[in-house]
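Visitor: Sequence and predicted model, in that order:
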Amino acid sequence: MPLAEHRFCVGCGLPVEIDDDATPVPGIDYPVAPPAWPGETGSTGDVAPDPDPDPDLTMALAVGTPSRVAVPATQRDVDPSLRITCASCGAVNSAQRLHCARCDLALDGSGERSTRHDVQLPQGTRRSVFDSAERRSLSWVGIVTATALGFGAIVLAVLASTETGPFRPAFSGPAVFDASTYGGTPVELPVETISALTEHERIGEIDYGASLVLDDDLATAWNNDGDQVPDGVGEELRIEFGRPVWATGLLVANGYQRDDQVFTENARPTLLRVTLDGIDFEVELLDRTGQQQVSFGSPQLTTRMTVEILEVVPGNRYADVAISELRVLGHPAVGADVSLARLLREAR
């Protein structure tokens, strides 16, 4: 007996490929329409259990169909009466649904929504389960952005107040001293730090460190290490002022002036090279006791100073060079000269 043109699987309801040479299984009536799904009703009402089931058919269903698979409506002959079309959005819903699967409006036309939603949304709007998380994420993004902008504004304000970075004024050439701004006699400039290339080691209670040139005591002196730098030629004293200044000269007590004998036993510098921010020059010293003042000729804007020993009078006993006192004279810089001094230091 040949098969009908349209056959469906008795287990899942899917169309069965037509094979004219296939031989039907004795005792099985192949349906021309798919079997009804559990809970669905046909044109004659709900499907009732067969009071006299066919044992062969029951066995075939049990063996060949481990689970049921949903079949698209286009592949099944579904009675339109088993579907309800939503009057609001036009979606087709199962007759078992009370609310539309798309818009959630009641399918009875009352316009009510299901109670599982805690927020009523405008028609046609979809509610995402991630809305709250997204809002929290956007809130944190806003906080971080505002914090970054605030920090950036503070940084720019600091740069502007200190005239650094993008707010640094353009370098306009050598600094020019305005006597009307700094009128008066030069003063001793405060020193923030002072160091030397070498220092003689301490002997008992006697120290020979570089800071002794600032102690107002002629009985003490900085002595270099003559073993490392014999007679002190090439030795250096390095001074940081800690702020821009106009340096006008030096006040020096040359040699070790504890007494005349010690003075001659140690070497004394007679020619120095002074290096400032943007300029360097040589100055001469006298080989004698007492203090002597050396002028730079014109005030020099700087933030630091290096004093290098170029020539000395050798001592008659020791290879060390000594300086008892060294002070820098000038004026603390003010106004635009402060910014200009920083530019000179960077250029150097």
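Guide: Nice, thanks for sending it over.
Visitor: mind listing the strands for the stretch 101-250 of the chain?
Guide: 187-188, 193-196, 222-223, 236-254 (DSSP state E, counting those that start in this stretch).
Visitor: Give the pairing partners of the last one; include direction for each.
Guide: The sheet places strand 236-254 alongside strand 193-196 (antiparallel), strand 291-313 (antiparallel), strand 322-332 (antiparallel), with pairing taken from DSSP bridges.
Visitor: where in the stretch 1-150 of the chain is pLDDT low?
Guide: Confidence mapping of the stretch 1-150 of the chain against pLDDT under 70 gives the ranges 1-81, 115-136, 138.
Visitor: that older thread, quick one, which of the strands paired with strand 236-254 gets closest to residue 262.
Guide: For residue 262, the closest of those is strand 322-332, at 8.4 Å, according to CB to CB. The way it works is simple: take the backbone N, C-alpha and C, and place the C-beta from them, glycine included.
Visitor: number of nearby residues for the nearest residue to residue 246 once chain neighbours are set aside?
Guide: Distance criterion CB to CB, 6 or more residues apart in numbering; nearest residue to residue 246, sequence neighbours excluded, is residue 299 at 4.1 Å. By other CB atoms under 10 Å, 23 other residues sit near residue 299.
Visitor: Kindly compare burial across the strands paired with strand 236-254 and name the winner.
Guide: Ranked by mean neighbour count, the strands paired with strand 236-254 are led by strand 322-332 with a mean of 22 (mean count of other CB atoms under 10 Å).
Visitor: what pLDDT, on average, does that strand get?
Guide: Taken as a whole, strand 322-332 has a mean pLDDT of 97.
Visitor: circling back: show me what contacts the residue nearest to residue 246?
Guide: Residue 299 sits next to 177, 182, 246, 247, 248, 330, 331 when contact means CB atoms under 8 Å, 6 or more residues apart in numbering.
Visitor: Secondary structure class of residue 268, three-state.
Guide: strand (DSSP: H, G, I helix; E, B strand; the rest coil).
Visitor: give me every residue that touches residue 292.
Guide: With CB under 8 Å, 6+ apart, residue 292 has these contacts: 251, 252, 253, 254, 285, 286.
Visitor: Kindly recompute the last result at 10 Å.
Guide: Residues near residue 292 by CB atoms under 10 Å, 6 or more residues apart in numbering: 250, 251, 252, 253, 254, 284, 285, 286.
Visitor: right, and the last one touches residue 253 too?
Guide: So that's residue 286. No - Residue 286 is beyond contact range of residue 253, at 11.2 Å (criterion: CB atoms under 10 Å).
Visitor: When these two are compared, which one has more neighbours?
Guide: Ranked by neighbour count (other CB under 10 Å), residue 286 and residue 253 place residue 253 first, with 21 against 12.
Visitor: Check the gap between the more buried one and residue 288 for me.
Guide: 10 Å (CB to CB, to the nearest Å).
Visitor: for residue 237, same thing?
Guide: On the measure of CB to CB, residue 237 and residue 288 end up 20 Å apart.
Visitor: just the helices in the stretch 51-200 of the chain please.
Guide: Shown for the stretch 51-200 of the chain, the helices assigned by DSSP state H, counting those that start in this stretch span residues 55-64, 131-162.
Visitor: Enumerate the beta-bridge partners assigned to residue 308.
Guide: Per DSSP bridges, the residues bridged to residue 308 are residue 236, residue 273.
Visitor: got a pLDDT number for it?
Guide: 98.
Visitor: start the count at 115, not 1, going forward
Guide: Will do, 115 is the new start, and the previous item becomes residue 422.
Visitor: if I look at the closest residue to residue 228 other than its chain neighbours, how far off is residue 219?
Guide: Nearest residue to residue 228 in three dimensions, chain neighbours excluded: residue 213, at 4.5 Å (CB to CB, 6+ apart). Shown here: residue 213 relative to residue 219, a distance of 7 Å by CB to CB.
Visitor: quick one: residue 403 from residue 439, how far?
Guide: 11 Å.
Visitor: between the two, what contacts are shared?
Guide: 332, 367, 368, 371.
Visitor: neighbours around the last one, how many?
Guide: Residue crowding around residue 371 was assessed by other CB under 10 Å; the count is 23.
Visitor: Doesn't it lie inside a strand?
Guide: No - using three-state DSSP, the assignment for residue 371 is coil, not a strand.
Visitor: List the residues that contact it.
Guide: Applying CB under 10 Å, 6+ apart, the residues near residue 371 are 331-335, 377, 382, 402-405, 436-439.
Visitor: Identify, from those, the entry nearest to residue 321.
Guide: The closest of the contacts of residue 371, once distances to residue 321 are taken by CB to CB, is residue 334, at 7.4 Å.
Visitor: That closest one: how many residues sit nearby?
Guide: For residue 334, the neighbour count with other CB under 10 Å is 21.
Visitor: what's near enough to touch it?
Guide: Residue 334 neighbours (CB under 10 Å, 6+ apart): 320-323, 325-327, 370-372, 436, 438-439.
Visitor: Tell me, how many residues neighbour residue 270?
Guide: Residue 270, neighbours per other CB under 10 Å, totals 13.
Visitor: Three-state assignment for the closest residue to residue 420 other than its chain neighbours, please.
Guide: Nearest residue to residue 420, sequence neighbours excluded (CB to CB, 6+ apart): residue 389, at 4.3 Å. Using three-state DSSP, the structure places residue 389 in strand.
Visitor: Tell me, how many residues neighbour residue 389?
Guide: That count, for residue 389 with other CB under 10 Å as the rule, works out to 18.
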